[in-house]
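Undergrad: with the sequence up front, the predicted model follows.
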Amino acid sequence: MPDMSASVSLAATDLVSLADLDQNKVTPGVLGFIVFAVMAVAVWGLMKSMSKHMRKVDFKEPAETGTDGRPADSPAPRS
């Protein structure tokens, strides 16, 4: 069982070293989290708005008729 206590103490020292703040290390902090959260909420709102507007769009175009009564994109009859 000595191996178990050695690994636990090693893990504990790693956690302690992670908890120590390095003054030379730059982290985003609370302000970075707030900015990221605001941007995420803004993107969510934009996607929701776009989805609502896309539901209103009618993608079917009316067929344009030519001078002879056929749709304009149909080929002319062969004679």
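TA: Everything's here; your move.
Undergrad: which stretch of helix or strand covers L46?
TA: Using DSSP states H and E, L46 sits in helix 29-56.
Undergrad: what mean pLDDT does that helix have?
TA: When pLDDT is averaged over helix 29-56, the result is 96.
Undergrad: that one: which residues count as buried?
TA: Residues of helix 29-56 include none that count as buried (16 or more other C-beta atoms under 10 Å). Using the backbone N, CA and C atoms, a C-beta is placed for each residue, glycine as well.
Undergrad: would N24 count as being in a strand?
TA: No. Assessed with DSSP: H, G, I helix; E, B strand; the rest coil, N24 is coil; it does not lie in a strand.
Undergrad: and it, what pLDDT?
TA: 82.
Undergrad: now for it, how many residues are close by?
TA: Applying other C-beta atoms under 10 Å, we find 5 residues neighbouring N24.
Undergrad: which residues touch it?
TA: Listed by C-beta atoms under 8 Å, 6 or more residues apart in numbering, N24 has no contact partners.
Undergrad: can you list contacts of stretch 35-50?
TA: By C-beta under 8 Å, 6+ apart, stretch 35-50 touches P28.
Undergrad: how far does stretch 22-29 stretch from one end to the other?
TA: End-to-end span of stretch 22-29 (C-alpha to C-alpha, to the nearest Å): 13 Å.
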